[in-house]
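Enquirer: Predicted coordinates and the sequence they were generated for:
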Amino acid sequence: EFTTEQQALMRVITDAYNKHQIPQDVTKKLLQDQYSTEENFLLLTEMATSQVQVLVEFTKNIPGFLSLDREDQIALLKGSAVEAMFLRSAQALNKKMPIGHTEVLEERIHKSGISEEFIKPMFNFYKSIGELHMVLEEQALLTTITILTPDRPYVKDQPAVERLQENVLDLLRKMCVLHHPQEPQYFARLLGRLTELRTLSHYHAEMLASWKVNNHKFTPLLCEIWDVQ
Ligand SMILES: O=C(O)c1ccc2nc(N3C[C@H]4CCC[C@@H](C3)[C@@H]4OCc3c(-c4c(Cl)cccc4Cl)noc3C3CC3)sc2c1
C-alpha cells in the first residue's frame, strides 16, 4: 500500500536519521566521573550543541525542506529544535543505551541546576515515549513531522510547509498500521506525543530563563537557535 514516492521518502528520511547521530566520543563523556553541577551543565551544553548540529544536518535531508523560503527554513529549525531534541534524546534514552548512559544522563540532568518542576514532566515524557516502542522509521517520521510544523512563529509560507508535513503524516499513518496492526489508535497516540512536546518546550523556555538568571553560559549555536543572550 506504499506508493513508490512514499517508499523513496521513507528511505531518504530513515537513512538521514541513521546517518546523523551525536558522535560516540561525545555521548561516552556521559560516563565521565565529574558530577558537579557546573561540570554537568557544561556536559549537557556540549551535548545539546552537538544535538543541534545533528538536527540541522538531518533537517537538510528532508525532501523539499531546502526548497522552502530560506527564512522559513530558519523559523522551522528554531521553532522545533527543543521538541526535536527532546524526541531524539527520548528515543536514544529508551533504546538499549550503551553501558548505562540512561541512568547517568538522568543523574546529570537532575544535577545540572534544573529545578524539580521541569524534571518531572521531562522524565514522564521520556517514559511515555519508551512505552510506545516505536520502530526506527516511526521515530524518524515523528521527528520530521515535528520539524515540519507549519504554525511555528514567523513562518511566512505555511501552506508550503503543510504540503510537506501532510506527505510525512500520510506515510507515518501507513507505517503505524503496518507495524502496529493490533493498535488502531497507535497513530493518534504518536500525534498525542507532539502535543506533550509543545508543553515541554514551554517548560524549556523557563529552564533557559532560570539558567540565565544563575549566569550560566551557552554556546553561540545554542544562543542563536534559542535566542538567548
Ligand atoms: O547515548 C546515546 O546514544 C545518546 C544519544 C543522544 C543523546 N542526547 C543527549 N542529550 C542530552 C541533553 C538532554 C537531551 C537533549 C540534549 C542531548 C541535551 O540537552 C541538554 C539541554 C537541554 C535539554 C534538556 Cl536538559 C532536556 C531535553 C531537551 C533539552 Cl534541549 N536544554 O538545555 C540544555 C543544555 C544545558 C544547555 S544525551 C544522549 C545520549
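Expert: That came through fine. Residues are numbered from 1 along each chain as shown.

Enquirer: So which residues on the chain come close to the ligand?
Expert: Contacts of the chain with the ligand, taken as C-beta under 6 Å from any ligand atom, map to 22, 27, 41, 44-45, 47-48, 51, 82, 85-86, 89, 92, 97-98, 101, 105, 109, 114, 122, 218, 222. Backbone N, C-alpha and C define where each C-beta goes, glycine included.

Enquirer: helices and strands of the chain: which one bottoms out on pLDDT?
Expert: Taking all helices and strands of the chain together, the one with the lowest average confidence (mean pLDDT, DSSP states H and E) is helix 101-110, at a mean of 77.

Enquirer: Packing partners of the helix or strand that it is followed by?
Expert: Where DSSP states H and E defines the elements, the next helix or strand beyond helix 101-110 is helix 116-132. Counting contacts by 3 or more C-beta pairs under 8 Å, 6 or more residues apart in numbering; DSSP states H and E, helix 116-132 is packed against helix 70-94, helix 101-110, helix 186-213.

Enquirer: Mind giving me the PyMOL select for the residues of the chain next to the ligand, buried ones only?
Expert: Selecting in PyMOL just the buried members of those, where the criterion is 16 or more other C-beta atoms under 10 Å, is done with this command:
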select buried, resi 22+27+41+44+45+47+48+51+82+85+86+89+92+101+105+109+114+122+218+222
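
Enquirer: Distance from the chain centre to stretch 193-205, please.
Expert: 11 Å (C-alpha atoms, centre = their mean, to the nearest Å).

Enquirer: by how many degrees do the helix or strand containing L169 and helix 186-213 diverge?
Expert: L169 belongs to helix 158-179 when assigned by DSSP H and E. Angle of helix 158-179 versus helix 186-213, following axes from the mean of the first three to the mean of the last three C-alpha atoms, to 10 degrees, is 120 degrees.

Enquirer: how about CSV for the helices and strands packed on helix 116-132, with distance to T59 added?
Expert: Below are the helices and strands packed on helix 116-132 laid out as CSV (distance: least, C-beta to C-beta, whole Å):
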stretch, distance to T59
helix 70-94, 6
helix 101-110, 24
helix 186-213, 16
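
Enquirer: Most tightly packed of those?
Expert: For the helices and strands packed on helix 116-132, the stretch with the most neighbours on average is helix 70-94, a mean of 20; neighbours defined as mean count of other C-beta atoms under 10 Å.

Enquirer: list the helices and strands that one packs on?
Expert: Taking 3+ C-beta pairs under 8 Å, 6+ apart as the contact definition, the neighbouring helices and strands of helix 70-94 are helix 37-60, helix 101-110, helix 116-132, helix 136-147, helix 158-179, helix 186-213, helix 220-226.
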